[in-house]
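Peer 1: Turn this into a structure:
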Amino acid sequence: MGVSTIAAGAMPVPLDEVKALLRIGASDEDALLAGMVRAAATLCERFTGRLLIAREVNEVLGRGGGWQRLGAAPVQAIEEIAALDLAGDAAALLVDDYAVDIDARGEGWVRLLVSSGETRVRVRYIAGMAATPGELPEALRQGVARLAAHFFLQRDAAAETEPPAAVTALWRPWRRLSIG
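Peer 2: Alright, predicted model coming up:
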C-alpha cells in the first residue's frame with residue numbers, strides 16, 4: 001500500500017538567503033521566489049529520499065505480518081498505529097499488537113503481531129533530518145538555495161528534467177538508496 005500524507009514543511013532556506021545569492025534587494029518577486037524555494041526543497045527530498053525539516057507523516061500500510069519499512073526517513077518517532085476498517089475509520093491498536101523499530105540509518109519499521117479483520121493500518125510518525133532550517137547540513141541548504149536561484153534565473157527558458165550537477169553534487173552524500 002505505502003500511501004503517505006506528509007504535512008507541509010518549513011522552508012529549509014530563508015528567502016533572504018536566496019535573495020542575497022541572486023543579489024536581489026526588492027521584494028516584488030518574493031512570492032515567486034518562495035515557490036521556487038519550496039519546489040527546490042521538494043526536489044532535494046525526492047533526490048535524497050529524506051525529509052529535510054521534521055514533520056508529521058501519515059502512512060497506510062497493508063496488514064502483513066512481516067516487518068514493513070516506512071516510506072519517509074529519517075524517522076524520529078513513531079507516534080501511533082491504528083487499524084483501518086473498510087470505511088476508513090481508525091481505531092488505535094494496543095501496544096502489545098505491534099512492534100516498531102527505528103534502525104541506525106533512521107529507517108522506521110513496523111510489524112503487526114496480531115491479526116484481525118482489518119486489511120490496512122495507518123502509521124502516524126515524525127520524520128525529518130532537522131527540527132529547524134538552521135540545523136540542516138550546510139551542503140543541503142546550499143543545494144536548495146542554488147537550485148531555487150537556478151529556477152529563478154531560468155524561469156523563461158525551456159524546462160530541464162534534472163537539477164544542475166553542482167546541486168546534485170552537494171546532495172549526493174545524503175542520498176538514501178534502496179536495492180531491490
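Peer 1: Just the terminal-to-terminal distance for stretch 42-54.
Peer 2: One end of stretch 42-54 sits 13 Å from the other (CA to CA, to the nearest Å).
Peer 1: Mind listing what's buried along it?
Peer 2: When neighbours are counted by 16 or more other CB atoms under 10 Å, the buried residues of stretch 42-54 are found to be 43-45, 47-48, 50-54. Where C-beta positions appear, they are placed from N, C-alpha and C, glycine not excepted.
Peer 1: which among these gets closest to R155?
Peer 2: Proximity of the buried residues of stretch 42-54 to R155 (CB to CB) peaks at L43, which lies at 15.3 Å.
Peer 1: Can you list phi and psi of the closest one for me?
Peer 2: Main-chain torsions, L43, degrees, to the nearest 10: phi -60, psi -40.
Peer 1: would a markdown table of the buried residues of stretch 42-54 with pLDDT, distance to V100 and secondary structure be doable?
Peer 2: Shown next, in a markdown table, are the buried residues of stretch 42-54 (pLDDT from 0 to 100; distance: CB to CB, whole Å; DSSP: H, G, I helix; E, B strand; the rest coil):
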| residue | pLDDT | distance to V100 | secondary structure |
| --- | --- | --- | --- |
| L43 | 94 | 30 | helix |
| C44 | 95 | 27 | helix |
| E45 | 94 | 23 | helix |
| F47 | 94 | 27 | helix |
| T48 | 94 | 23 | helix |
| R50 | 93 | 19 | coil |
| L51 | 95 | 18 | coil |
| L52 | 96 | 23 | coil |
| I53 | 95 | 23 | strand |
| A54 | 94 | 17 | coil |
